[in-house]
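Visitor: please find the sequence and the predicted model below.
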Amino acid sequence: MAIQAHLVELERKHKLLENELHEALVHLSTDDLQIAELKRRKLMVKDQIERLKHAAEETLH
């Protein structure tokens with residue numbers, strides 16, 4: 001179940017980025033470039049999760 005372990009790790013990483021982004025948005029001193037970078041990284045992880053889920057479904061069929 002290496003795919004499942006990888007998926008769990010990506011979901012954990014996505015949650016950490018979500019929390020980091022929330023903290024950055026709460027603090028007014030955070031610059032817009034840092035916020036944009038966090039959003040970009042979070043979206044990349046989400047895309048990886050979706051691709052992995054799709055690939056796992058493909059292997060089951």
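Guide: Great, that's in hand. This one's a predicted model, so the numbers in the text were calculated from it and none came from an experiment.
Visitor: all contacts plus neighbour counts: C-alpha atoms, from now on.
Guide: Will do.
Visitor: so who does the closest residue to Leu38 other than its chain neighbours touch?
Guide: Once flanking residues are discounted, Leu38 sits nearest to Leu21: 6.0 Å by Cα to Cα, 6 or more residues apart in numbering. Applying Cα atoms under 8 Å, 6 or more residues apart in numbering to Leu21 gives the contacts 35, 38-39.
Visitor: next helix or strand past the strand or helix carrying Leu21?
Guide: Here Leu21, judged by DSSP states H and E, is contained in helix 2-26. Tracing the chain C-terminally past helix 2-26 and defining elements by DSSP H and E, one meets helix 32-60 next.
Visitor: in stretch 48-55, what's buried?
Guide: 49, 52 (16 or more other Cα atoms under 10 Å).
Visitor: got a list of contacts for it?
Guide: 3, 7, 10-11.
Visitor: now do the same for the residue nearest to Leu38: its pLDDT.
Guide: Note on Leu21: pLDDT of 96.
Visitor: ok, now the one 10 residues further on?
Guide: According to the per-residue confidence, Asp31 scores 93 in pLDDT.
Visitor: likewise the one 10 residues further on?
Guide: On pLDDT, Arg41 comes in at 98.
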